[in-house]
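> requesting a structural model of the entry that follows:
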Amino acid sequence: MSFELKISFISIGSEWTARTKRQVLDYLEALGRSDYVEGYIDGVQIELLQEELDSETTTEERMSAAAVVLYDDSRSQLGRLETEIKEAFPEKLWTEISEISDESWQRCWNEEFHPLETGRFWIVPLGHGSPTPRGLERIEIDAGDGAFGTGQHATTRAIIHLMENHFQHWRPKSLLDVGTGTGIYLVLAGKLGVSKLYGTEISQDLVDLSKSNCETAGVRANVFLSDHLKLPEKFDVVIANILVPVLHDLMSEMKTHLAPEGYLVIAGFVEKEEAPLLLRASHCGLKIESSSHELGWRCLVLRHA
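Predicted coordinates for the structure are as follows:
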């Protein structure tokens, strides 16, 4: 479960609001919270102007009035931060803590694993007795105790479709899967001809599970236990189908691990969360290549600006 703290500024005048916002940002950075995200204009239903969409930036005047958002897995930690900020800036801002899209993810993790037919693959639970349809390659996945990455959720399917449709043109030789879960993207990338495969996870159980699935599929992959990216490599493709706060937190690190002509594929968020992610990406020196969606869940392809 993750939470967001939204800090909105009382508008008395544009200069006053901009000055207050700058003071709040300085205050947050002094507390070591430089992981704030700008880009919430008119709440979460952000509406960017066409010129802002074209340049992946927004005007200084509008950004000066935009709310600031911080993410955390701990509601109590955000609550303490909220109290500090309200005491430091009385009658200058509003704050709100709310839960974000983890519940949707948790529900999808618990969904029953059914066979999935894609353009090239027949993805089934390990040991499933169903026959493989003609022309498809069978992929058996052990989901363990409910690990994410079986193809049941729209975000997983969106990335699988992207891999099937674009890898023949991108011709990647290396891939990093951040938060690899079952390792399904590593397995499919190996079957699609990617030779150097790396994955990261924050749980040793998931590291072992993804390695096992790769071995079952006959795919060689290196999977590491890590909550931050500290690999000495750059990759043709980086995939991250993870929660919004982690996408914000790791955006800069993912960009660092992206080869000069590489593709960063991110998913795990809904439409209202896309614009702030694009702004975060722009601040990190990334630009949007394409955007797709499935059942309301978004998938972005980013490249070096």
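
> how about the nearest residue to Lys21, chain neighbours excluded?
Nearest residue to Lys21, sequence neighbours excluded (CB to CB, 6 or more residues apart in numbering): Phe9, at 5.5 Å. Where C-beta positions appear, they are placed from N, C-alpha and C, glycine not excepted.

> what's the neighbour count on that neighbour?
Neighbours of Phe9 under the rule other CB atoms under 10 Å: 21.

> pLDDT weak spots in the stretch 1-150 of the chain?
1, 11-14, 34-35, 37-65, 100-112, 145-149 (pLDDT under 70).

> where do the strands sit along the stretch 101-250 of the chain?
116-117, 121-125, 137-141, 174-178, 196-201, 222-225, 235-241 (DSSP state E, counting those that start in this stretch).

> and of those, who's closest to Ser98?
strand 235-241 (22.6 Å; CB to CB).

> CA atoms of the closest one as CSV?
Below are the C-alpha coordinates for strand 235-241, written out as CSV (Å, rounded to 0.1, in the frame of the first residue of the first chain):
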residue,chain,number,x,y,z
PHE,A,235,20.7,-1.3,-21.8
ASP,A,236,18.9,-1.1,-25.2
VAL,A,237,15.6,-1.6,-23.4
VAL,A,238,14.6,-0.9,-19.8
ILE,A,239,11.2,-2.1,-18.6
ALA,A,240,9.5,-1.0,-15.4
ASN,A,241,6.0,-2.1,-14.7
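
> where along this structure do the helices fall?
Remark: helices assigned in the chain by DSSP state H are 14-30, 50-55, 60-65, 75-88, 102-109, 154-170, 184-191, 204-217, 244-256, 274-283.

> rounded mean pLDDT for the last one, please.
The one in question is helix 274-283. The average of the pLDDT scores along helix 274-283 is 89.

> can I get the helices of the chain in a markdown table including mean neighbour count and distance to Val124?
Compiled in a markdown table, those are given as follows (neighbours: other CB atoms under 10 Å; distance: least, CB to CB, whole Å):
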| stretch | mean neighbour count | distance to Val124 |
| --- | --- | --- |
| helix 14-30 | 15 | 48 |
| helix 50-55 | 12 | 41 |
| helix 60-65 | 14 | 48 |
| helix 75-88 | 14 | 38 |
| helix 102-109 | 15 | 18 |
| helix 154-170 | 18 | 14 |
| helix 184-191 | 25 | 12 |
| helix 204-217 | 19 | 12 |
| helix 244-256 | 20 | 29 |
| helix 274-283 | 21 | 32 |
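
> among those, which comes closest to Gly135?
helix 154-170 (13.3 Å).

> rewinding a little: can you pull the contacts of the residue nearest to Lys21?
Contact partners of Phe9, counting by CB atoms under 8 Å, 6 or more residues apart in numbering, are 17, 20-21, 24, 65, 67, 92-94.

> bridging residues for it?
Leu93 (DSSP bridges).

> of all the helices of the chain, which lies closest to Thr118?
Nearest to Thr118 among the helices of the chain is helix 154-170 (5.4 Å), distances taken as CB to CB.

> export that closest one to PDB, keeping only CA atoms.
The C-alpha trace of helix 154-170 is given here as PDB (Å, rounded to 0.1, in the frame of the first residue of the first chain):
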ATOM      1  CA  ALA A 154      -3.700  -5.100 -18.400                       C
ATOM      2  CA  THR A 155      -0.300  -3.600 -17.700                       C
ATOM      3  CA  THR A 156       1.400  -6.900 -18.300                       C
ATOM      4  CA  ARG A 157      -0.500  -7.600 -21.500                       C
ATOM      5  CA  ALA A 158       0.300  -4.000 -22.800                       C
ATOM      6  CA  ILE A 159       4.000  -4.600 -22.400                       C
ATOM      7  CA  ILE A 160       3.900  -8.100 -23.900                       C
ATOM      8  CA  HIS A 161       2.000  -6.600 -27.000                       C
ATOM      9  CA  LEU A 162       4.600  -3.900 -27.200                       C
ATOM     10  CA  MET A 163       7.500  -6.400 -27.100                       C
ATOM     11  CA  GLU A 164       5.900  -8.500 -29.800                       C
ATOM     12  CA  ASN A 165       5.200  -5.600 -32.100                       C
ATOM     13  CA  HIS A 166       8.400  -3.500 -31.700                       C
ATOM     14  CA  PHE A 167      11.300  -5.700 -30.800                       C
ATOM     15  CA  GLN A 168      11.600  -6.800 -34.500                       C
ATOM     16  CA  HIS A 169      12.200  -3.100 -35.400                       C
ATOM     17  CA  TRP A 170      14.200  -2.100 -32.300                       C
END
